[in-house]
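In: coordinates only, no sequence provided:
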């Protein structure tokens, strides 16, 4: 089977779903942000539920690292439907970039992406290099896990799956299951839930709930595609 990409999944999703009642556009946009800003800038997309003012969606946060010292800073979010809030230039709840309306008016996808990046006002090159940060050196593995998560969200939302990666939702499991939990600048974890199973991966690709020392990053580097790994995750979740 020819491996599918996130774009393939998104095109299938938009033919079948009501934008306002689905997380699909949010996940697609978050994945595009992740590819551009996680490794180089230390900006992570985190799934949130009733955080702060009672929001759902995917939040953008500057992770704690050798450059972003001190306290983790939340800079904005994608609403559940896909609108964007920039908390550094506006206020929570502003929905300053209405991606949903653009999408429903059949705007070109590249125009939506360009508008979203411009609205968040993130420089193409970070002000300070993150060369020695863990998210820079191991960032590709986090981006792989987020891409697999995006595929799962786009294709299997109706299966009742949930995906969590915010530190507040994963840190207890990391401390309980990950022998590397004390590692400086730990990348965190992804928790996948279905009605049949719960699967947890460290964000560098190591499965924390399996018995076989599964490592999606190693498998990806050995030649498997993110689509192959998505299909493997479906089996683990019993879907």
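Out: That came in fine, so what should we check first? Small disclaimer: the values here were computed from a predicted structure and weren't measured.
In: measure the residue nearest the centre of the chain to residue 140 for me?
Out: Among the residues of the chain, the one closest to the centroid is residue 146, at 4.3 Å (C-alpha atoms, centre = their mean). According to C-beta to C-beta, to the nearest Å, residue 146 stands 11 Å off from residue 140. In this view, the C-beta of every residue, glycine as well, is placed from N, C-alpha and C.
In: now do the strands in the protein.
Out: 43-51, 55-62, 73-78, 84-86, 162-164, 189-193, 198-202 (DSSP state E).
In: packing partners of the lowest-mean-pLDDT helix or strand in the chain?
Out: None of the helices or strands of the chain scores lower by mean pLDDT, DSSP states H and E than strand 43-51, at a mean of 85. Applying 3 or more C-beta pairs under 8 Å, 6 or more residues apart in numbering; DSSP states H and E, we find strand 43-51 packed against helix 24-41, strand 55-62, strand 73-78, helix 167-177.
In: go with 6 Å
Out: helix 24-41, strand 55-62 (3 or more C-beta pairs under 6 Å, 6 or more residues apart in numbering; DSSP states H and E).
In: how about TSV for those, with mean pLDDT, distance to residue 124 and mean neighbour count added?
Out: Putting the helices and strands packed on strand 43-51 into TSV (pLDDT from 0 to 100; distance: least, C-beta to C-beta, whole Å; neighbours: other C-beta atoms under 10 Å) gives the following:
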stretch	mean pLDDT	distance to residue 124	mean neighbour count
helix 24-41	96	9	23
strand 55-62	88	16	22
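In: pLDDT below threshold where in this protein?
Out: By pLDDT under 70, the weakly predicted segments of the chain are 50-55, 70-72, 91-93, 95.
In: now do stretch 127-140: distance from first to last residue.
Out: Terminal residues of stretch 127-140 are spaced 21 Å apart (C-alpha to C-alpha, to the nearest Å).
In: residue 190 bridge partners, please.
Out: Bridge pairing for residue 190 (DSSP bridges) gives the partners residue 201.
In: state the distance from residue 157 to residue 59.
Out: 19 Å.
In: err, residue 96, not the other one
Out: Plainly put, residue 96 is 15 Å away from residue 59 if you go by C-beta to C-beta.
In: now residue 41
Out: On the measure of C-beta to C-beta, residue 41 and residue 59 end up 15 Å apart.
In: so what's residue 24 closest to, chain neighbours aside?
Out: Nearest residue to residue 24 in three dimensions, chain neighbours excluded: residue 13, at 4.4 Å (C-beta to C-beta, 6 or more residues apart in numbering).
In: how many residues are close by the one you found?
Out: 20 (other C-beta atoms under 10 Å).
In: also residue 200?
Out: Neighbours of residue 200 under the rule other C-beta under 10 Å: 21.
In: try the one 5 residues further on
Out: Using other C-beta under 10 Å, residue 205 has 24 other residues around it.
In: shouldn't it be in contact with residue 216?
Out: Yes - with contact defined as C-beta atoms under 6 Å, residue 205 reaches residue 216; the gap is 4.2 Å.
In: could you say which of the strands of the chain is packed most deeply?
Out: Highest mean neighbour count of these: strand 84-86, a mean of 24 (counted as mean count of other C-beta atoms under 10 Å).
In: what is it packed up against?
Out: Other elements packing on strand 84-86 under the criterion 3+ C-beta pairs under 6 Å, 6+ apart are strand 73-78, helix 109-120.
In: please redo it, this time with the cut-off set to 10 Å
Out: helix 24-41, strand 55-62, strand 73-78, helix 109-120 (3 or more C-beta pairs under 10 Å, 6 or more residues apart in numbering; DSSP states H and E).
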